[in-house]
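Student: 3D, please:
(2 chains)
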Amino acid sequence: MAGTLSARSGKRRFGWMDALFAVTTVLMVVNFYLIFLWVPKEAVQGNVQRIFYLHLPVAWIAYLAFFLVFIFSVLHLRKRSGRWDRWAYSSAELGVVFTSVTIVSGIIWAKPIFGVWWTWDARLTTTALLWLIYVGYLMVGAYSESPEKSSRLRAAVGILGFVVVPINYLSVYLWDTVHVEPIIGGGEESFLSSEMYTTLMFSLFTFTLLFFVLLKVRVMLRSSEETITRIASD
Amino acid sequence: MTYWLAIAAIVKKDLLLEVRGKEVVLAVSFFVLLMVFTFNFAFRPGSIPNEIMTPGVLWFTFLFAGMLSFQRVVNSEQENGCLDGLMLCPYGRDVIFIAKTISSFVFVMVVEAIAIPIFAVVFNLSAIPIQLILIVPVATLGIAVIGTFLSALSMNTRLREVMLPVLMIPLVVPAVIGAVESTGDAFDGAGWAAVQPWIYVLIIFDIVFLVVGFLTFEHVLEE
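Tutor: Just a heads-up that it's a prediction; the model follows:
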């Protein structure tokens, strides 16, 4: 806590977070170059397919974010130090943002390719449900009586919310087995060229880096928020 | 052994309170009746065959009825500081969780036992399929486990009436899918084999949430 405050009052130096931010920015520009200019146009879907290089990494990271919420929530309930709650909360916020991007980019991609905005397939439905669950998670925090209490209650929601993912997936899968087969890793069906693979992996790396930079920044902000709340309530 | 006696004591107290006060079953059964009546107007007459419409209407009615019951069963302990008394008991908080889940389960099962024949009459179903004997308890247990856990959780927030459905509905989706699909199959006259995968999904759901609820409940109920 003291570190955060002294960082504000002391002179601002170029720290490793700034360096990481700069690297992420450069990589993101390169990433967009690869996605929109470098990678060849996909034969069947055309330019629309380029959204895939955004959609897939963002979706993976959304799931990673909620997995981290689960881990941090368990740690919070065990240790009760407030530190893990900050990580869990920040990760949940980012998870909701990344899930929103996933859903919107998926909708934009689905319309020209599958002819519909939305279909109730297992992955879509599970992702949409996760979004609803973690908005609930953020609401529990907002409507609790005390910060300590809200951190415990949200941790419980963070655990339940992630545990339900496989059951959700299984039940929706059984409910609607007519769904889109995965494009990558599909054996002979797979039509990902080496440039496409490179672009995808580069994009995944860049977005993962972006996620962790944003997570760290959000945790630092949250720590400052908590300090200010504490000072104000004293 | 004393662990189970403690659970039995709380359940017995809840049942006795219900027999004397009739606060949950009677009121919620009437609510279910109202839902059946009003749901009729949600669909244009004859547009959807009753066999297709009934499973969805049935389980959404039970889900809403359940939410009313769970909230009542858990929140009733807040009156006169009963909850503090319960928490002072020399057992873990999980005793309260298990006991409240059992009470909620029993109440909702009674409501369902009253409601299903009414449904059959109102929706002109020729017979009530035998598979419901297994489907209804397994699905109700899942809904009761989550409902009890989240009622206790939302009890500690402002806007508790809103927080319960907001948290509960997305979490309970697998149970609702399993219940609606298996009930639909049963109404279609499908045998046990068709219903079986859904029963398994529902059992997995029940076990997972019982275990997770059991492990985390003490953190939810803490002053």
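Student: and A:Phe67, what pLDDT?
Tutor: At A:Phe67, the model reports a pLDDT of 93.
Student: What of B:Gln71?
Tutor: Confidence for B:Gln71, expressed as pLDDT, is 88.
Student: Skipping adjacent residues, who's closest to it in space?
Tutor: B:Ser151 (5.0 Å; Cβ to Cβ, 6 or more residues apart in numbering or on different chains). Where you see a C-beta, it was placed from the backbone N, CA and C, and this is true even at glycine.
Student: Next: B:Asn40.
Tutor: B:Val122 is the one closest to B:Asn40 (Cβ to Cβ, 6+ apart), at 7.3 Å.
Student: does the helix or strand bottoming out on mean pLDDT in chain B come close to chain A?
Tutor: The weakest-scoring helix or strand in chain B, judged by mean pLDDT, DSSP states H and E, is helix B:82-88 (a mean of 82). No - using Cβ under 8 Å from any Cβ of the partner chain, helix B:82-88 stays clear of chain A, coming no nearer than 14.5 Å.
Student: what's downstream of that helix, the next helix or strand?
Tutor: Using DSSP states H and E, the helix or strand that follows helix B:82-88 in sequence is helix B:94-122.
Student: counting contacts, what elements does that next one pack onto?
Tutor: Contact analysis of helix B:94-122 by 3 or more Cβ pairs under 8 Å, 6 or more residues apart in numbering or on different chains; DSSP states H and E lists helix B:2-21, helix B:25-39, helix B:50-75, helix B:132-155, helix B:192-220 as its packing neighbours.
Student: Could I get those helices in JSON lines, plus columns for mean neighbour count?
Tutor: Output for the helices and strands packed on helix B:94-122, formatted as JSON lines (neighbours: other Cβ atoms under 10 Å in any protein chain shown):
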{"stretch": "helix B:2-21", "mean neighbour count": "14"}
{"stretch": "helix B:25-39", "mean neighbour count": "16"}
{"stretch": "helix B:50-75", "mean neighbour count": "21"}
{"stretch": "helix B:132-155", "mean neighbour count": "25"}
{"stretch": "helix B:192-220", "mean neighbour count": "19"}
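Student: Looking at the ones you listed, which is nearest to A:Ser224?
Tutor: A:Ser224 lies closest, by Cβ to Cβ, to one member of those: helix B:192-220, at 26.3 Å.
Student: quick revisit: contacting residues for the residue nearest to B:Gln71?
Tutor: By Cβ atoms under 8 Å, 6 or more residues apart in numbering or on different chains, B:Ser151 lies in contact with B:70-71, B:73-75, B:164.
Student: can we see that at 7 Å?
Tutor: Neighbouring residues of B:Ser151 by Cβ atoms under 7 Å, 6 or more residues apart in numbering or on different chains: B:70-71, B:74-75, B:164.
Student: One more: A:Ile133?
Tutor: Per Cβ under 7 Å, 6+ apart, neighbours of A:Ile133: A:161, B:170-171.
Student: Mind putting those into a markdown table with secondary structure and neighbour count?
Tutor: A markdown table is the format used below for these (DSSP: H, G, I helix; E, B strand; the rest coil; neighbours: other Cβ atoms under 10 Å in any protein chain shown):
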| residue | secondary structure | neighbour count |
| --- | --- | --- |
| A:Gly161 | helix | 27 |
| B:Pro170 | helix | 20 |
| B:Leu171 | helix | 26 |
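Student: Just put the residues you listed in CSV and tack on pLDDT and distance to B:Ala144.
Tutor: Shown next, in CSV, are the contacts of A:Ile133 (pLDDT from 0 to 100; distance: Cβ to Cβ, whole Å):
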residue, pLDDT, distance to B:Ala144
A:Gly161, 90, 19
B:Pro170, 92, 17
B:Leu171, 92, 13
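Student: As a markdown table, these with distance to A:Thr206 would be great.
Tutor: A markdown table is the format used below for the contacts of A:Ile133 (distance: Cβ to Cβ, whole Å):
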| residue | distance to A:Thr206 |
| --- | --- |
| A:Gly161 | 27 |
| B:Pro170 | 31 |
| B:Leu171 | 33 |
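Student: Look up how far A:Val96 lies from A:Tyr89.
Tutor: Going from A:Tyr89 to A:Val96 by Cβ to Cβ, to the nearest Å gives 11 Å.
Student: So between those two, which is more surrounded?
Tutor: Counted by other Cβ atoms under 10 Å in any protein chain shown, A:Tyr89 and A:Val96 do not tie: A:Tyr89 has more neighbours, with 25 against 21.
Student: Please name the residues that touch that one.
Tutor: A:141, A:154, A:222.
Student: which of those tops the neighbour count?
Tutor: That'd be A:Arg154 among these, by other Cβ under 10 Å, with 28 neighbours.
Student: What distance do you get for it to chain B?
Tutor: Counting by Cβ to the nearest Cβ, to the nearest Å, the gap from A:Arg154 to chain B is 9 Å.
Student: Ok, A:Arg13 next?
Tutor: From A:Arg13 to chain B the distance is 40 Å (Cβ to the nearest Cβ).
Student: Spell out which parts of chain B neighbour chain A.
Tutor: Counting by Cβ under 7 Å from any Cβ of the partner chain, chain B comes close to chain A at B:153, B:156-159, B:163, B:166-167, B:170-171, B:173-174, B:177-178, B:181, B:197, B:201, B:204-205, B:208, B:212, B:216, B:219-220, B:222.
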